[in-house]
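S.K.: Output the structure for:
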Amino acid sequence: MSNSEAPSQKTQSSTKRILKITLQVLAIVAIVAVLLWYIGTTVPTDFKPDEPTIIRGIDFLFMTILEMDVIYFLLAFLMYFGINIFFTIRLRRVLAKDSVKTSFGKTLLAHYAGMLTSDFTPGRAGYVLTPVYLRDQNVPASKGLSSILGIQTIEFLVKVAGGIGAVAFLMYTVPAAVWTEMFPQDIAGVNIGIIIAGLGIGLMFLGALVLAAFTWSKRAIAIFDRIANWRFIKRFTGGLMGKLEEYKESSHKTQRAIPEIFALTMACWVLKGLEWYFLGLALGITNVPWIAFFLIHPLVTALAFIPILPAGIGVQEFGIIGILGLLGVPLEIAAVFAIIARLLLIFQDLIGVPQIVKSTSLIFSRKTPQESSPTPPVPI
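M.R.: Residues are numbered from 1 along each chain as shown. All right, here's what the predicted structure looks like:
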């Protein structure tokens, strides 16, 4: 390749990346506008009737935020912080099973960086870059990646069980007439709301199977190796997934941490139920018990993994509106809940910004940290 061709290819690649980001930003703006318009259509008719619908939605959102119970909101914020503390402990314990020592503070920042990246990537796939954010602790990329995928596998399976429990809870507690009112369409005699819920569970279960295969199946790891060595993938991840043999060894060690992963995942699930419960109380939602928030969260968050828009934005929000509507929450309040629940996560995940900047500069620097205790390649 001539020297003149290389800058041209870099320019085209940069242009495509900018175009992709621009389209995603426009999609997010459009979805937020739709949500605000939806709020405007569902608020009481006597609430600023002379204003355009989307302006009514914005006014109602801000009015609700201003009237929100601050104590309950701070409790919800604290619950999410507790979740991230447990996530960090979980990641450190799994890495410890693979003889990797990490700092709690630095790992917490790396986790927040991974969460923030997932907030703005389709299907929350950005969290797989967390090993990149662990590089300043000399965590071998293969061990970091196998730990993340092992954790996500167990978490997905737990959420599948939770989603099934949520559907059973909703079918038991919500009258059939309410299902028909919220979701009037049927497919082959089955209410479309139940079908959507089933699709969410199926999506999460499929994700769990894929992650389990990539974590513990030798044949899937071989496929994973070919994908990881694509030129674009290697450049995007900074060579994160290049050491297949080390990854195989680490993935088997990760299995020993399954009991701890499960226990800490359940603790995080309890805290998530409390986070949504306190957020509901902050907005005046008193008719939905904690157990309902505890059960419906896995079902709703499955929608965040739809690999179309960043973190399933819009899809997840309308899922929350639909389920809270089934439980008797006014739709305009349910929509505000969905928006604030998203903003609460993003606002706290901003803690990870410095780590993202630091890791990005590290990737593009000529000097990269040497991984501790490098494992010699094993001949295939």
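S.K.: how about low-confidence regions in the stretch 151-300 of the chain?
M.R.: Scanning the stretch 151-300 of the chain for pLDDT under 70 picks out 179, 182-197, 200, 204, 207-208, 211-253.
S.K.: at 90 what do you get?
M.R.: Within the stretch 151-300 of the chain, the ranges that satisfy pLDDT under 90 run 151-259, 261, 295-300.
S.K.: ranges for the helices of it?
M.R.: In the stretch 151-300 of the chain, the segments counted as helices under DSSP state H, counting those that start in this stretch are 176-182, 192-216, 218-228, 231-237, 244-254, 258-282, 290-301.
S.K.: With adjacent residues omitted, what lies nearest to residue 150?
M.R.: Once flanking residues are discounted, residue 150 sits nearest to residue 254: 3.7 Å by C-beta to C-beta, 6 or more residues apart in numbering. C-beta coordinates here come from the backbone N, C-alpha and C atoms, glycine included.
S.K.: wait, the one you found sits on residue 147?
M.R.: Yes: counting by C-beta atoms under 8 Å, residue 254 touches residue 147, with 5.8 Å between them.
S.K.: other SSEs contacting the helix or strand encompassing residue 105?
M.R.: Per DSSP states H and E, residue 105 falls inside helix 104-119. Applying 3 or more C-beta pairs under 8 Å, 6 or more residues apart in numbering; DSSP states H and E, one finds that helix 104-119 contacts helix 70-97, helix 130-133, helix 331-349, helix 353-363.
S.K.: how about these, which one is nearest residue 33?
M.R.: Distance to residue 33, taken as C-beta to C-beta, is lowest for helix 331-349 among the helices and strands packed on helix 104-119, at 12.0 Å.
S.K.: Can you point out the buried residues in that closest one?
M.R.: 331-342, 344-345, 348-349 (16 or more other C-beta atoms under 10 Å).
S.K.: Can you work out which other helices and strands pack against it?
M.R.: Applying 3+ C-beta pairs under 8 Å, 6+ apart, we find helix 331-349 packed against helix 5-42, helix 53-66, helix 70-97, helix 104-119, helix 258-282, helix 315-326.
S.K.: Next, the angle helix 290-301 makes with that helix.
M.R.: Computed with axes from the mean of the first three to the mean of the last three C-alpha atoms, to 10 degrees, the direction of helix 331-349 lies at 70 degrees from that of helix 290-301.
S.K.: Report the angle between helix 331-349 and helix 53-66.
M.R.: Using the same axes, to 10 degrees: helix 331-349 against helix 53-66 is 60 degrees.
S.K.: average pLDDT for helix 331-349?
M.R.: Averaging pLDDT along helix 331-349 yields 88.
S.K.: Could I have the CA atoms of that helix written out in CSV?
M.R.: C-alpha atoms of helix 331-349 as CSV (Å, rounded to 0.1, in the frame of the first residue of the first chain):
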residue,chain,number,x,y,z
LEU,A,331,-48.7,6.6,32.4
GLU,A,332,-47.3,10.2,32.7
ILE,A,333,-45.8,9.3,36.1
ALA,A,334,-44.5,6.0,34.7
ALA,A,335,-42.8,7.9,31.8
VAL,A,336,-41.1,10.3,34.2
PHE,A,337,-40.0,7.4,36.3
ALA,A,338,-38.4,5.7,33.2
ILE,A,339,-36.6,8.9,32.2
ILE,A,340,-35.3,9.6,35.8
ALA,A,341,-34.2,6.0,36.2
ARG,A,342,-32.0,6.3,33.1
LEU,A,343,-30.6,9.7,34.1
LEU,A,344,-29.8,8.5,37.6
LEU,A,345,-27.6,5.8,36.1
ILE,A,346,-25.8,8.0,33.6
PHE,A,347,-25.2,10.8,36.2
GLN,A,348,-23.5,8.5,38.6
ASP,A,349,-21.6,6.6,35.9
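S.K.: So which residues make contact with that helix?
M.R.: 32, 35, 38-39, 42-43, 60-61, 64-65, 76-77, 80-81, 84, 112, 115-116, 119, 275-276, 279-280, 283-285, 313, 316-318, 320-321, 324-325, 329 (C-beta atoms under 8 Å, 6 or more residues apart in numbering).
S.K.: Next, the angle helix 315-326 makes with that helix.
M.R.: 140 degrees.
S.K.: now helix 331-349 and helix 104-119, what's the angle there?
M.R.: Between helix 331-349 and helix 104-119, the angle comes out at 140 degrees (the same axes, to 10 degrees).
S.K.: Counting neighbours, which of the contacts of helix 331-349 end up buried?
M.R.: Using 16+ other C-beta under 10 Å, the buried ones in the contacts of helix 331-349 are 35, 38-39, 42-43, 60-61, 64, 76-77, 80, 84, 112, 115-116, 119, 275-276, 279-280, 283, 285, 313, 316-318, 320-321, 324-325, 329.
S.K.: circling back: shared neighbours, residue 254 and residue 147?
M.R.: Contacts common to residue 254 and residue 147, judged by C-beta under 8 Å, 6+ apart, are 94, 98.
S.K.: okay, those two: which has more neighbours?
M.R.: residue 147 (31 against 26; other C-beta atoms under 10 Å).
S.K.: Right, I'll leave it there.
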